[in-house]
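Novice: Okay, sequence plus prediction incoming.
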Amino acid sequence: MLNRLFFPALAALALGLVALAMVWPQGLGDRSWGPFGRPPVQRTPEMQAAMKRETEASEQRLNQARAAVSDLQTQAISPTK
């Protein structure tokens, strides 16, 4: 490959990777070292409590939907109940 094409493409790729690293989310991993980074939002007690409430509410809605389907199936099998 010609150097006139390879090195500009390599430089563009490097700049793209640096730009991606600047906007990539920190996620649920550990805090970055030194003065960089911050504790992930998902690890704060308030967010943990909110996530737990949301999970419990979702499970409750799922159980209610399953119970409703079960009731409908029971009524379809024996409509006299």
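Specialist: All right, it came through fine. Numbering: from 1, shown residues only.
Novice: Could I get the full set of helices for the chain?
Specialist: For the chain, the helices defined by DSSP state H cover 3-23, 45-77.
Novice: Give the burial count for E54, as a bare number.
Specialist: 10 (other C-beta atoms under 10 Å). Quick note: C-beta positions are derived from backbone N, CA and C, even for glycine.
Novice: Pull the number of nearby residues for R66.
Specialist: By the criterion of other C-beta under 10 Å, R66 has 10 neighbours.
Novice: gap between it and L13?
Specialist: Distance from R66 to L13, counting by C-beta to C-beta, to the nearest Å: 50 Å.
Novice: Just send the helices of the chain back as CSV, with mean pLDDT too.
Specialist: Listed next are those as CSV, based on pLDDT from 0 to 100:
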stretch, mean pLDDT
helix 3-23, 90
helix 45-77, 93
